[in-house]
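J.: I'll drop the sequence and a predicted model, then ask my questions.
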Amino acid sequence: MPNTNSTTYTILYSLGMAFIVGSTLAIVSMALKPYQEKNIKFEKISYIFRTVGFTDFNKQNAEQVFQEKVREFVGKHDGTIVEEGPWSAFKIDVGQERKKRPEDRLLPVFVYENSKYIVPCYGVGLWGPIWGYVAFEDDLTTIAGVVFDHKSETPGLGAKIAEPEFQAKFVGRKAFDESGRYVLRVVKAGRAKSDNEIDGISGATLTTNGVDEMLREWLPLYRPLLEKIKEEKIKKVQA
Amino acid sequence: MSKTTVKQKKEGLFSRKYLRYLLDPINDINPITVQVLGICSALAVTVKLEPAVVMAIAVTAVTAFSNLTISLLRNTIPHRIRMIVQLVVISSLVILVDQILKAFAYDVSKQLSVFVGLIITNCIIMGRLEAFAMGNKPWPSLLDGIGNGLGYGAVLIIVAFLRELFGSGTVFDIPVIPQALYELGYVNNGLMLLPPAALITVGVIIWIHRWLNPKLIDVS
């Protein structure tokens, strides 16, 4: 046994340890990466399908079904379409886009079965990020369904935004009025009076406000782009 | 030398002495209720049973294998950097657990989020490495690690069961409180969902534990 208290031994020991541990972790991380990426991709596909109530897919065929059912567009807030085609919108991370100025953001749009328009959004709750997907009916105003999720909202309180009971409240509501002005409000629990006001979660006012601000920030941005996509679609049908 | 081997063979891997390494931490020297270690994660992941069970398994795996590794290395570790070596072993095991959960139990890893990483700072693990694995052979160390993990897990699961039952009215997300009771005016206790409730629950468990186990009564 060498002298374990000598400086040389200590330095060599720590170098050896760093080398062994570092390479082991690198190998494990590389070996598991494909599984982890598949999970993340599957989760995103599940969010998008859940907004329109489509459940007929599983982990194996999700990517294929997604390509059959969904067309993708990427555009800007003024309605210009920048890119379209498989995985074009899918690969855009709205969490990253949110860091840019609204007029510079790339906006991904998913069109389900040529009839529903699904848009992602991203904001902040009480403890961390919250995000969601909103599906519009063909009139681009009525909400067909929403899905929200969060990183670390309080379980049993703010975390309820990820539950179907809360999300069901959005179905059938109108997000815009006749003139295209954004009118949807998520208000403090029990305060909703009119049709465009939605009751938040009691005991989770800050998360509720987060949802309200997130929708207010993103939904109006998408509006011109959705109109443009719908127009293109009609042109295509007529041609 | 031959004498000791004979003695060890007689003793068997699960002799009473070895079994005590495994069982003592579950009761007499329970890391949470007696040593009062690892409280912070006990507060954080006990709102629902499922994450608590996963956390219990993850911590047991990490304590067991870090105890084993450190015990195997104990004679080679330079004294001056022993804490760093312990931390490196713990954190690489935790990263492994985190990566495996992300690959094969994605939903659970999302629920546990930052708390998997915080296993590294769980004082039980480093406490056992310093107090036990540095001075004992691999087999007792492994048992001690598993025992402490289980002792921690047992308390975690009891707390999570109570908090989920009274806070959400469910057990493993299955509703157990009959609808009729809600119609009579029963409401779930919102306080049980917040961290202070875990502290109160742990306190009550410590109290009951001391009442049941005379060995724990403070003579002074």
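T.: Structure received. Numbering: from 1, shown residues only, chains lettered A, B, ... in the order given.
J.: all strands for chain A, in order.
T.: A:70-75, A:81-84, A:107-112, A:116-124, A:129-136, A:143-150, A:185-187, A:197-199 (DSSP state E).
J.: What's the mean pLDDT across the first one?
T.: Average pLDDT, strand A:70-75: 92.
J.: which parts of chain A sit against chain B?
T.: Taking C-beta under 8 Å from any C-beta of the partner chain as the criterion, chain A approaches chain B at residues A:1, A:4-5, A:9-10, A:13-14, A:17-18, A:21, A:24-25, A:28-29, A:32, A:35-36, A:39-40, A:43, A:151-152, A:154-157, A:203. In short, each C-beta sits where N, CA and C put it, glycine included.
J.: Just give the number of residues close to residue 23.
T.: Assuming you mean chain A. Using other C-beta atoms under 10 Å in any protein chain shown, A:Ser23 is surrounded by 10 other residues.
J.: wrong chain, I was asking about chain B
T.: By the criterion of other C-beta under 10 Å, B:Leu23 has 15 neighbours.
J.: which ones are touching the nearest residue to it once chain neighbours are set aside?
T.: Spatially, and ignoring its direct neighbours in sequence, B:Leu23 is nearest to B:Gly147 (6.4 Å; C-beta to C-beta, 6 or more residues apart in numbering or on different chains). Going by C-beta atoms under 8 Å, 6 or more residues apart in numbering or on different chains, B:Gly147 touches B:21-26.
J.: Any regions of chain B where pLDDT drops low?
T.: Chain B contains residues with pLDDT under 70 at B:1-11, B:113, B:218-220.
J.: Strands along that one, start to end?
T.: Ranges of strands in chain B, per DSSP E, are B:170-171, B:174-175.
J.: do the last one and chain A meet?
T.: Think strand B:174-175. No - using C-beta under 8 Å from any C-beta, we find that strand B:174-175 stays clear of chain A, coming within 13.0 Å at best.
J.: just how off-centre is that strand within its chain?
T.: Computed by C-alpha atoms, centre = their mean, to the nearest Å, the chain-centroid distance of strand B:174-175 equals 26 Å.
J.: Likewise for the first one?
T.: Remark: strand B:170-171 is offset 22 Å from the chain centroid, using C-alpha atoms, centre = their mean.
J.: cool, and stretch A:95-108?
T.: 13 Å.
J.: Identify each buried residue in that stretch, please.
T.: Across stretch A:95-108, burial judged by 16 or more other C-beta atoms under 10 Å in any protein chain shown covers A:97-98, A:105-108.
J.: ok, now stretch B:71-86?
T.: By 16+ other C-beta under 10 Å, the buried positions in stretch B:71-86 come out as B:71, B:73-74, B:77-78, B:81-82, B:85-86.
J.: Ends of it, what's the gap?
T.: 10 Å (C-alpha to C-alpha, to the nearest Å).
J.: can you give me the offset of that stretch from its chain's centre?
T.: What separates the centre of stretch B:71-86 from the centre of its chain is 23 Å, taken as C-alpha atoms, centre = their mean.
J.: again, but for stretch A:19-33
T.: The answer for stretch A:19-33 is 30 Å, by C-alpha atoms, centre = their mean.
J.: who's in contact with it?
T.: Counting by C-beta under 8 Å, 6+ apart, B:88, B:92, B:95-96, B:99-100, B:102-103 sit against stretch A:19-33.
J.: From the residues of chain A next to chain B, keep the buried residues only.
T.: Using 16+ other C-beta under 10 Å, the buried ones in the residues of chain A next to chain B are A:10, A:13, A:17, A:28, A:32, A:36, A:39, A:152, A:154-157, A:203.
J.: Which residues of chain B lie near chain A?
T.: Counting by C-beta under 8 Å from any C-beta, chain B sits next to chain A at B:47-48, B:75-81, B:84-85, B:88, B:92, B:95-96, B:99-100, B:102-104, B:106, B:113-114, B:167-168, B:190, B:193-194.
J.: what's B:Val47 in contact with, if anything?
T.: Counting by C-beta under 8 Å, 6+ apart, B:Val47 makes contact with A:155-156, B:160, B:163-164, B:167-168, B:193.
J.: For the residue most central in space within chain B, give me its contacts.
T.: What sits nearest the mean C-alpha location of chain B, by C-alpha atoms, centre = their mean, is B:Tyr152, with 2.8 Å. B:Tyr152 is in contact with B:30-32, B:38, B:42, B:56, B:59-60, B:63, B:124, counting by C-beta under 8 Å, 6+ apart.
J.: can you do 7 Å?
T.: Listed by C-beta atoms under 7 Å, 6 or more residues apart in numbering or on different chains, the contact set of B:Tyr152 reads B:31-32, B:38, B:56, B:59, B:124.
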